[in-house]
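# Sequence and computational prediction follow.
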Amino acid sequence: MASLVNNLKPLLLALLGFGQGLFASESQTPETLRRYSFTSPGMGTTFNITLYASENRYADAEAAVLAAFNRITALNAIFSDYEPNSEINRFAATAPKPWPGSPDLLALSARALEFAQATDGAFDPTIGQLTRLWRSSRQRQKLAPPDRLQKALHSSGWHQLQINDQSLTLSKPGVLLDFGGIAKGYAADQMLALLKTKGFPIAIVLAGGDTAAGDPPPDSPGWTVTLRTGINDHAPVNLRLANQSVSTSGDLHQFIELDGIRYSHIIDPKTGLGLTRRIACSVIAPDTTTSDALATALCILGPEKGRPIAGNLKLTVRWTWQDEAGAKHEAWFNP
């Protein structure tokens, strides 16, 4: 990790101090603290960190941010299903032999299986074959043949992933992992925790549709976060969050239209196809690993089936959906 920091630091320092990417803005507050914002790509999205620090601690803040962004690189090497040599792909290639998982893979696999059980499989980290079919369909603008879909469904199922002590096992060859519905939330949690241990608890991390909020800014009850679903967002909802997280899942940015039907990138593990219902879900939770995974699952389940799960897990949830006539509907659940 140290070598990675040293290799990246000249580039990042140039961007931070004098250039265009990482350093976004700086503004004086009435307090002795200043607000600093930083941006870096990672995990197929953009990560943003905003924190408050005294001017004489800027160098420390800069080092903490560099460490946080390097954490993304390390986690991507574990959880990316695009990288042939990522840990999850190397693990899948050894099935059904036990795999001595890294601490991050063991920890996130345990959380993923908890969510899979709690949602009766609506969240499933073993849908990698289905994910690849969706990407192929998007590229070819054509749904996969039924036999290929059935084969991919047969190679999915969260019960096929087991944890035994410090090892992981996939019950049969051909099962591929997909942590895309949880890894960015986990990364945001890890980054926020790192910033806190470095002495910067007044911080917020944005990772696409996932937000991890730390201690509130000076003279404010919390960080302002706007919920955008892409479904008639004429009056977006603003939240104030402190030491909480929120994630939104929906088909705002990733979808395909085939024969007049809109298929979301959110795959229903039971059908193997992207959702065709225009629906989005936002989940407020104590951590972003939870909000990321449950926003995906509760988007699939909808408010009817999702409310009991939200109640069991004590989550605040907002669903928005569009009916066949184009009218927007909204439903909240507050524990």
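In hand now; what should we look at? Numbering: from 1, shown residues only.

# For the stretch 201-335 of the chain, which segments count as helices?
Remark: helices assigned in the stretch 201-335 of the chain by DSSP state H, counting those that start in this stretch are 288-313.

# What is the neighbour count of the residue nearest to residue 225 when sequence neighbours are not counted?
In this structure, residue 225 finds its nearest non-sequential neighbour in residue 239, 4.7 Å apart by C-beta to C-beta, 6 or more residues apart in numbering. For every residue, glycine as well, the C-beta is placed using N, CA and C. Applying other C-beta atoms under 10 Å, we find 18 other residues in the vicinity of residue 239.

# And the most centrally placed residue in the chain, how far from residue 44?
In the chain, the residue lying closest to the centroid (C-alpha atoms, centre = their mean) is residue 184, at 3.3 Å. When distance is defined by C-beta to C-beta, to the nearest Å, residue 184 is 8 Å away from residue 44.

# Same question for residue 190.
17 Å.

# Quick one: low-confidence residue ranges for the stretch 101-250 of the chain.
Residue ranges of the stretch 101-250 of the chain with pLDDT under 70: 233.

# one more time with 80
229-236 (pLDDT under 80).

# residue ranges for the strands of it, please.
161-164, 167-170, 203-207, 210-213, 223-227, 237-241, 244-249 (DSSP state E, counting those that start in this stretch).

# and of the ones you listed, who's closest to residue 139?
The closest of the strands of the stretch 101-250 of the chain to residue 139 is strand 244-249. By C-beta to C-beta, the value is 22.1 Å.

# Mind giving me the packing neighbours of the closest one?
Strand 244-249 sits against helix 183-197, strand 210-213, strand 223-227, strand 279-285, helix 288-313, with contacts defined as 3 or more C-beta pairs under 8 Å, 6 or more residues apart in numbering; DSSP states H and E.

# re the thing from before, return the most buried member of the strands of the stretch 101-250 of the chain.
strand 210-213 (a mean of 29; mean count of other C-beta atoms under 10 Å).

# Look at the closest residue to residue 123 other than its chain neighbours and report its pLDDT.
Distances taken as C-beta to C-beta, 6+ apart put residue 297 closest to residue 123, at 3.9 Å, once the chain neighbours are dropped. We have a pLDDT of 97 for residue 297.

# Let me see the contact set for residue 297.
115, 119, 122-123, 181, 306, 309 (C-beta atoms under 8 Å, 6 or more residues apart in numbering).

# Go again with 7 Å.
115, 119, 122-123 (C-beta atoms under 7 Å, 6 or more residues apart in numbering).

# quick one: which of the residues you listed is nearest residue 218?
For the contacts of residue 297, the nearest to residue 218 is residue 115 (35.2 Å; C-beta to C-beta).

# Surely that closest one touches residue 123?
Yes. Counting by C-beta atoms under 7 Å, residue 123 is a contact partner of residue 115 at 4.5 Å.

# now for the strands of the stretch 101-250 of the chain, which one comes closest to residue 330?
Of the strands of the stretch 101-250 of the chain, nearest to residue 330 by C-beta to C-beta is strand 237-241, at 9.1 Å.

# Give me the distance from that closest one to the chain's centre.
Chain-centre distance of strand 237-241: 19 Å, with C-alpha atoms, centre = their mean, to the nearest Å.

# Could you do stretch 269-276 as well?
Per C-alpha atoms, centre = their mean, the centroid offset for stretch 269-276 relative to its chain is 19 Å.

# quick revisit: just the contacts of residue 297: which are in helices?
residue 115 (DSSP state H).

# Throw the contacts of residue 297 into a markdown table and include distance to residue 64 and neighbour count, thanks.
Formatted as a markdown table, the contacts of residue 297 follow (distance: C-beta to C-beta, whole Å; neighbours: other C-beta atoms under 10 Å):
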| residue | distance to residue 64 | neighbour count |
| --- | --- | --- |
| 115 | 30 | 25 |
| 119 | 35 | 23 |
| 122 | 36 | 23 |
| 123 | 32 | 27 |
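
# Perfect, that will be all.
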